[in-house]
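> Okay, here's the prediction I keep looking at, along with the sequence it came from:
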Amino acid sequence: MRTIEEMFLEMKKIADEEGYMFTPNKEELDSILAGLRENEQRYGYPLCPCRIGSGELAKDMDIICPCNYRDADIAEFGSCLCTLYVGGEWGNTKAHEPVPERRAQENFIKGYQAIMEQKGAGGKDMAEVYRCTVCGYLCARDEPPELCPICRAKKERFEKFGMK
């Protein structure tokens, strides 16, 4: 099992590569990392400590840190739900609004399977597929990422990708 320090170093490397920062509040950061480690020991994966997991990997896929909601939360509110990841303005002295839960209520009961049912498995609306015009990276989500995880290109360099 990873130590909190090992977890921090691994996650920090990924955050840096993806252009994200951790909360500057050391006490808060330590608490979140301890929660992630505790959940990793409990479930075998680093489940967001601010969410209730099912204990089944297949149901919790969307809330494994970094969760599927991180990018949208940071773009709209300046941080993710648990405030582990924050945007560049976070260190300012302004008060921060709480981040509302984006996970649909049905997902609390059915988990990730509910997302799959909503996103095309039953013929329903599919998530858009975006392509990085720089490196060709493809991702299926509601919006392209702020930065391409492969080449670091900005969100504006993504285009909707369709198969003919």
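Right, received. Where do you want to start?
> where does this structure dip in pLDDT?
90-95, 106-126, 163-164 (pLDDT under 70).
> Which stretches in the chain count as helices?
4-18, 26-43, 57-60, 70-77, 105-110, 112-116 (DSSP state H).
> Go ahead and measure how far the longest one is from the middle of the chain.
The gap between the average C-alpha position of helix 26-43 and the chain average comes to 16 Å, counting by C-alpha atoms, centre = their mean, to the nearest Å.
> Touching it from outside, list them.
The contact list for helix 26-43 (C-beta atoms under 8 Å, 6 or more residues apart in numbering) reads 1-4, 7-8, 11, 22-23, 45-50, 53, 55, 57, 60, 65, 82-84. Using the backbone N, CA and C atoms, a C-beta is placed for each residue, glycine as well.
> Okay, and which of those residues map to strands?
residue 22 (DSSP state E).
> So among the contacts of helix 26-43, which ones count as buried?
7-8, 11, 22-23, 46-50, 53, 60, 65, 82-84 (16 or more other C-beta atoms under 10 Å).
> ok, now which ones touch the nearest residue to residue 147 once chain neighbours are set aside?
In this structure, residue 147 finds its nearest non-sequential neighbour in residue 19, 4.3 Å apart by C-beta to C-beta, 6 or more residues apart in numbering. Contacts of residue 19 were listed using C-beta under 8 Å, 6+ apart, and they are 146-147, 152.
> quick one: which of these is most hemmed in?
Ranked by neighbour count (other C-beta atoms under 10 Å), the contacts of residue 19 have residue 147 at the top, with 18 neighbours.
> before we move on, the earlier item: residue 162 is nearest to which of the helices of the chain?
helix 112-116 (20.8 Å; C-beta to C-beta).
> give the contact list for residue 11.
Applying C-beta under 8 Å, 6+ apart, the residues near residue 11 are 22, 33, 65.
> ok, and what's touching stretch 154-164?
128-134, 138, 143-148.
> what would those look like in CSV with distance to residue 105?
Shown next, in CSV, are the contacts of stretch 154-164 (distance: C-beta to C-beta, whole Å):
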residue, distance to residue 105
128, 23
129, 27
130, 27
131, 32
132, 33
133, 37
134, 38
138, 30
143, 22
144, 27
145, 26
146, 27
147, 31
148, 32
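> Got the domain ranges for the protein?
4-88+98-121, 129-160 (automatic domain parsing).
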